[in-house]
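**Student:** Just the structure for this:
(one chain, ligands or ions: 3)
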Amino acid sequence: MKSSEFATRREQLMNEIGQGNIGLIASAKVRARNRDVDYVFRQDSDFYYLTGFNEADAVAVFIPGREQGEYILFCKEYDEKKALWEGAHAGLDGATTDFSADDAFPIDDLGDILPGLLENKAKVFYPMGRDASFDHQLMEWINHIRSQTRSGINAPGELVSLEHLMHEMRLIKSDAEIELMRFAANISCHAHIRAMQQCKVGRYEYQIEAELIHEFMDSGLRHVAYPSIVAGGKNACVLHYVENKSVLQDGDLLLIDAGAECDHYAADITRTFPINGRFSTEQKALYQLVLEAQLAAIEEIKPNTAWNNAHDVSVEVLTGGLIDLGLLSGELTQLIKDEAYKIFYMHRIGHWLGMDVHDVGDYKINDEWRVLETGMVLTIEPGLYISKDCLTVDEKWRGIGIRIEDDILVTETGYEVLTQAAPKTVAEIEALMN
Ligand code: GLY
Ligand code: MN
Ligand code: MN
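**Tutor:** Numbering: from 1, shown residues only. Ligands and ions are numbered 1, 2, ... in the order given. Model prediction:
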């Protein structure tokens, strides 16, 4: 991502914050995994969106109209010893030269400098409630300013959610963002293809996870967008299954929900295929139904259509198909009204996709489902999950879990499937695997 893209975002945010106000946001923290070992650092998406700065221990401050510079970055000072042990970091010079901050200060001086920047500002925009210790600290600074009102200094009177401004920005993707998402999507498709090719009865789910990671990293994408779900047989009925430690059984399906991250942008793909390379009659019947629902839902994607239409269409197709196959009995409209499908299809059709796999942005505005706009990216991922304990259906259906998930860009004329390189028809999958 070019630095001009980050500058444009900051400019847009400055306009929204407005003169006389201040915005601030802290970086993510390094979190301990166990003694002397940390979890892999992942920058806070909002912080990265505005700064492109990939370090912990940083706070970005935005003060529209400030004469000495509107964009201030507090970060770690360059420390040779730290560089030796922990690796490169920008330091104050890097913050201004490489990351375009107008001013940079040591993070250790935050408590001395930030209260002064808050003085006489009307509103403070910041992500409230995200970090209890930061909330507490900010209140202390504001209280300190309040105690000085008799000397003519005013404390901010309003705290406003920064997320609300930012998340509307993040919901509509720029060309540069779409390019990163397209790359993440394409590599992730190839990882799913590799998984299909390397899948064999008797291998472990985590060995297939390793194939996915191999493809991601070998293609230049170091991080997964979320922990991969590799779920054989009935494990696919556990929606967030991440144990990935069972043996792959002959005659079962394998559900894989996995995507890589490219420069903080996610792909999110699910494919379900037969471990031995051939769908059984029941697997094929349910699979075709989920695919039909998915294709019908994707057809609903175009600007000015309510976000919810795709979900409603998926419910209609799945409920109708479940009646035809004998898994539900009754009249279509009544079953939909009673939400009878929910024992087999218990989640919604999808979600916004971007820097976060479940990306930011409201789904309803004034209690109405929002309409789609060009540049939004979302997933379409219907599924059917027939629990092994579901006694209301014939035994032959039990323990089958299927989801098909693609990433869809809303275009001016309709949609583009970013993840179309991953096979999904029965014929394509069986041809690839045999
Ligand atoms: N991978 C998470 C989801 O599909 O929503
Ligand atoms: Mn998803
Ligand atoms: Mn997914």
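
**Student:** going forward, measure contacts and count neighbours with C-alpha atoms only.
**Tutor:** Noted.

**Student:** can you pull the contacts of the nearest residue to S329 once chain neighbours are set aside?
**Tutor:** Distances taken as Cα to Cα, 6 or more residues apart in numbering place I323 nearest to S329, at 5.5 Å, with adjacent residues excluded. When contacts are counted by Cα atoms under 8 Å, 6 or more residues apart in numbering, I323 is found next to 329-330, 332.

**Student:** can you pull out the helices in the stretch 201-350 of the chain?
**Tutor:** Counting by DSSP state H, counting those that start in this stretch, residue ranges of the helices within the stretch 201-350 of the chain are 205-218, 281-299, 308-325, 332-337.

**Student:** would CSV of those helices with mean pLDDT and distance to H351 be doable?
**Tutor:** Formatted as CSV, the helices of the stretch 201-350 of the chain follow (pLDDT from 0 to 100; distance: least, Cα to Cα, whole Å):
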stretch, mean pLDDT, distance to H351
helix 205-218, 98, 23
helix 281-299, 98, 13
helix 308-325, 98, 11
helix 332-337, 98, 21
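
**Student:** what does this protein put close to ligand 3?
**Tutor:** Residues of the chain lying near ligand 3 by Cα under 5 Å from the ion: 257, 268.

**Student:** go with 8 Å
**Tutor:** 257-259, 268-270, 381, 405 (Cα under 8 Å from the ion).

**Student:** okay if I get the residues you listed as CSV plus pLDDT and neighbour count?
**Tutor:** Below are the residues of the chain next to ligand 3 laid out as CSV (pLDDT from 0 to 100; neighbours: other Cα atoms under 10 Å):
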residue, pLDDT, neighbour count
D257, 98, 25
A258, 98, 25
G259, 98, 30
D268, 98, 29
I269, 98, 25
T270, 98, 28
E381, 98, 28
E405, 98, 24
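
**Student:** What is the nearest of these to A155?
**Tutor:** Distance ranking of those against A155, using Cα to Cα, places D268 first at 44.5 Å.

**Student:** Now do the helices for the stretch 1-150 of the chain: every range, in order, please.
**Tutor:** Applying DSSP H, counting those that start in this stretch to the stretch 1-150 of the chain gives helices spanning 3-17, 45-51, 80-86, 91-97, 110-118, 132-146.

**Student:** just checking, which of the ones you listed sits deepest inside the structure?
**Tutor:** Among these, helix 45-51 has the highest mean neighbour count (mean count of other Cα atoms under 10 Å), at a mean of 20.

**Student:** Identify, by residue count, the longest helix of this protein.
**Tutor:** Ranked by residue count, the top helix of the chain under DSSP state H comes out as helix 175-198.

**Student:** rewinding a little: what is the nearest of the residues of the chain next to ligand 3 to T97?
**Tutor:** Of all those, the one with the least separation from T97 (Cα to Cα) is G259, at 33.7 Å.

**Student:** Can you verify my assumption that that closest one contacts H223?
**Tutor:** No - the criterion here is Cα atoms under 8 Å, and G259 misses it with H223 at 9.1 Å.

**Student:** Need the residues touching each of the two.
**Tutor:** Common contact partners of G259 and H223 (Cα under 8 Å, 6+ apart): none.

**Student:** Among the residues of the chain next to ligand 3, which pair sits farthest apart?
**Tutor:** G259 and E381 (13.7 Å).

**Student:** residue ranges with poor pLDDT in the stretch 1-150 of the chain?
**Tutor:** Within the stretch 1-150 of the chain, no range satisfies pLDDT under 70.

**Student:** hmm, back to that, just put the helices of the stretch 1-150 of the chain in TSV and tack on distance to K284.
**Tutor:** Output for the helices of the stretch 1-150 of the chain, formatted as TSV (distance: least, Cα to Cα, whole Å):
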stretch	distance to K284
helix 3-17	46
helix 45-51	40
helix 80-86	52
helix 91-97	56
helix 110-118	60
helix 132-146	50
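
**Student:** Out of those helices, which gets nearest to E177?
**Tutor:** E177 lies closest, by Cα to Cα, to one member of the helices of the stretch 1-150 of the chain: helix 3-17, at 9.4 Å.

**Student:** what's the angle from that closest one to helix 175-198?
**Tutor:** 120 degrees (axes from the mean of the first three to the mean of the last three Cα atoms, to 10 degrees).

**Student:** quick one: D98 from ligand 3, how far?
**Tutor:** 35 Å (Cα to the ion, to the nearest Å).

**Student:** Provide the backbone phi and psi angles at that residue.
**Tutor:** Main-chain torsions, D98, degrees, to the nearest 10: phi -90, psi -20.

**Student:** coming back round to it: could you list the buried residues of the longest helix of the chain?
**Tutor:** For helix 175-198, burial by neighbour count (16 or more other Cα atoms under 10 Å) applies to 177-178, 180-197.

**Student:** With stretch 51-68 instead?
**Tutor:** Of the residues in stretch 51-68, 51-64 count as buried by neighbour count, 16+ other Cα under 10 Å.

**Student:** Please apply the same query to stretch 415-432.
**Tutor:** Quick answer for stretch 415-432 (16+ other Cα under 10 Å): 415-419, 422-424, 426, 429-430.

**Student:** Strands - which of these land there?
**Tutor:** Among the buried residues of stretch 415-432, the subset assigned to strands under DSSP state E consists of 415-417.

**Student:** Of those residues, just say which sits nearest to ligand 3.
**Tutor:** Closest approach between these and ligand 3, by Cα to the ion: V417, at 14.8 Å.

**Student:** pLDDT wise, what is the closest one at?
**Tutor:** Listed pLDDT for V417 reads 98.

**Student:** Just grab the bridge partners of the closest residue to it other than its chain neighbours for me.
**Tutor:** Excluding its sequence neighbours, the residue lying closest to V417 (Cα to Cα, 6+ apart) is I408, at 4.6 Å. I408 has these beta-bridge partners by DSSP bridges: L378, V417.

**Student:** which non-adjacent residue is nearest S280?
**Tutor:** Using Cα to Cα, 6+ apart and skipping the chain neighbours, the partner closest in space to S280 is G251 (7.4 Å).

**Student:** Phi, psi for the one you found please.
**Tutor:** Per-residue torsions, G251: phi 90, psi -10 (degrees, to the nearest 10).

**Student:** Do you know the pLDDT at it?
**Tutor:** Looking at G251, its pLDDT reads 98.

**Student:** show me what contacts L92?
**Tutor:** Taking Cα under 8 Å, 6+ apart, we find L92 in contact with 75-78, 104-106.

**Student:** Need the pLDDT of the residue sitting nearest the centre point of the chain.
**Tutor:** Nearest to the geometric centre of the chain sits V357, at 1.3 Å (Cα atoms, centre = their mean). Confidence at V357, expressed as pLDDT, is 98.
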